[in-house]
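Participant: predicted structure and sequence below. I'll ask about it afterward.
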Amino acid sequence: MNVFEGGGGRHLEMTNGGTQVFGAVLTLAVSALAREPWHFRFAPLLTLQDQNVMGRGSVGFGLAELDWGAAPEERVAARDFLLRVLDLALSRHRWEKLTYEPPRAEERHLRAYRSMVEQFDQATADSCADVLPGPQKAAMASYVRHRVLDALPFWAGCVFCTSGA
């Protein structure tokens, strides 16, 4: 099982297929909304959830492992960005590009994760455990074929390429 931790003991466990869909629809949304340095650091974290590269059943991260920012306004901006990404994914932004209909992505995964992000107390985050790729590994290029942020510098292509889409 792939596990995405929230706060207060909340977590979202997903099957391999569910995690693949989760990563794909979030990649579509984050690619459309990324504008600030933190956004471009969050995008490759999604890349690192690609089980076709990282291994089945071996991905996930905790909200407490993210560096949300040092100042209160940075933390608010980061949470707002992640909520906007989830809202855009919930609106089925570019889901027509998927080669399948994800039956549980909306209710079971995206809504549950949105609730976890909304309720997460950023003061409990451990900035020493930061899983966000550093600025030098931020996603800055668009993969033209699928119109999403590229997986570079980790590997060429994107989550859609590694799945054979």
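Facilitator: Nice, thanks for sending it over.

Participant: who's in contact with the helix or strand where residue 84 lies?
Facilitator: Element membership for residue 84 (DSSP states H and E) is helix 72-90. With C-beta atoms under 8 Å, 6 or more residues apart in numbering as the test, helix 72-90 has contacts from 25-26, 28-30, 32-33, 36, 38-39, 42, 66, 68-69, 106, 110-111, 113-114, 117-118, 120, 122. Quick note: C-beta positions are derived from backbone N, CA and C, even for glycine.

Participant: residue contacts, the spatially most central residue of the chain?
Facilitator: In the chain, the C-alpha nearest the mean C-alpha coordinate belongs to residue 46, at 4.0 Å (C-alpha atoms, centre = their mean). Listed by C-beta under 8 Å, 6+ apart, the contact set of residue 46 reads 23, 26, 27, 30, 159.

Participant: ok, so of the residues you listed, who is nearest residue 132?
Facilitator: residue 30 (12.7 Å; C-beta to C-beta).

Participant: in a markdown table, list the contacts of residue 46 along with pLDDT.
Facilitator: Formatted as a markdown table, the contacts of residue 46 follow (pLDDT from 0 to 100):
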| residue | pLDDT |
| --- | --- |
| 23 | 87 |
| 26 | 92 |
| 27 | 89 |
| 30 | 93 |
| 159 | 65 |
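
Participant: list only buried entries from those.
Facilitator: 23, 26, 27, 30, 159 (16 or more other C-beta atoms under 10 Å).

Participant: next, the second one: secondary structure please.
Facilitator: So that's residue 26. Of the three states, residue 26 takes helix under DSSP: H, G, I helix; E, B strand; the rest coil.

Participant: how about the closest residue to residue 23 other than its chain neighbours, secondary structure?
Facilitator: Nearest residue to residue 23, sequence neighbours excluded (C-beta to C-beta, 6 or more residues apart in numbering): residue 49, at 4.7 Å. Following three-state DSSP, the label given to residue 49 is coil.
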